[in-house]
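>>> fold the following for me, if possible:
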Amino acid sequence: VVGAPDIAVNPAALDFGENYAGSSPTRTLIVSNPGTDDLIISSITSSDPLLSAAPVTFTLAPLAARSVTVTYAPPVPGTLNAVLTVLSNDPDMPSKTVTAVGSAVPAPSFVVNPPSFDVTLYTNTASSRTLQVVNNGGSNLTFTAQPVVTVASGTVTVGTDADNVFVDKGEPDVQSGPAA
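Numbers count the residues shown, from 1 in each chain. Predicted coordinates for the structure are as follows:
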């Protein structure tokens, strides 16, 4: 009786979803050997240079598995529709493929005016200031503003995620602060 290696991969497809250009999201591919002899992975290559895998060579004992980190690194906006090819010594399937899809969009880019506030408040008083947030980037921006207290002398209320403000691309924040 002669043993034989057998290659298996999971998942069969990788979906990177939507990411910002300049980011490097990763996914995990599990390569396993349900066979009865050592499985030698001789290479893992991609049809798209923006998609890479590590490690690209290794040996798996029978019934062993290994995680492979797959990275999508788009420097500019675009679409990913690639194939990873895993070459091995599996006698009946020496080449196994995994599809990879995703996209890269421009990141939001914002400016605030003024860059900071300096307010001194006396007991039982309030102050209101206008902060303009402009998103000049290529995607929508969601942000949360929180006060920073440099000298603890009173009560400060910090909002929750429900207080997030959504600003469309190219649009200023037109919401005003609390009434004085």
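>>> contacts only, for the residue nearest to the spatial centre of the chain.
The centre of the chain sits closest to residue 25, judged by Cα atoms, centre = their mean, with a distance of 4.3 Å. Counting by Cβ atoms under 8 Å, 6 or more residues apart in numbering, residue 25 touches 16, 17, 19, 71, 72, 102. All C-beta atoms are positioned from the backbone trio N, CA, C, and that covers glycine.
>>> and for residue 112?
Neighbour list for residue 112: 131, 132, 133, 134 [criterion: Cβ under 8 Å, 6+ apart].
>>> if you rank those by neighbours, which is first?
Counting neighbours by other Cβ atoms under 10 Å, the top entry in the contacts of residue 112 is residue 133, with 18 neighbours.
>>> surely that one is within a strand?
Yes - the assignment for residue 133 is a strand, going by DSSP: H, G, I helix; E, B strand; the rest coil.
>>> which residues does it bridge with?
residue 112 (DSSP bridges).
>>> pretty sure it is touching residue 172, no?
Yes - under the criterion of Cβ atoms under 8 Å, residue 133 is in contact with residue 172, at a separation of 6.8 Å.
>>> among the contacts of residue 25, name the buried ones.
16, 19, 72, 102 (16 or more other Cβ atoms under 10 Å).
>>> pLDDT and secondary structure for these - can I get that in TSV?
TSV is the format used below for those (pLDDT from 0 to 100; DSSP: H, G, I helix; E, B strand; the rest coil):
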residue	pLDDT	secondary structure
16	98	strand
19	96	strand
72	98	strand
102	98	strand
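>>> many thanks, we can stop here.
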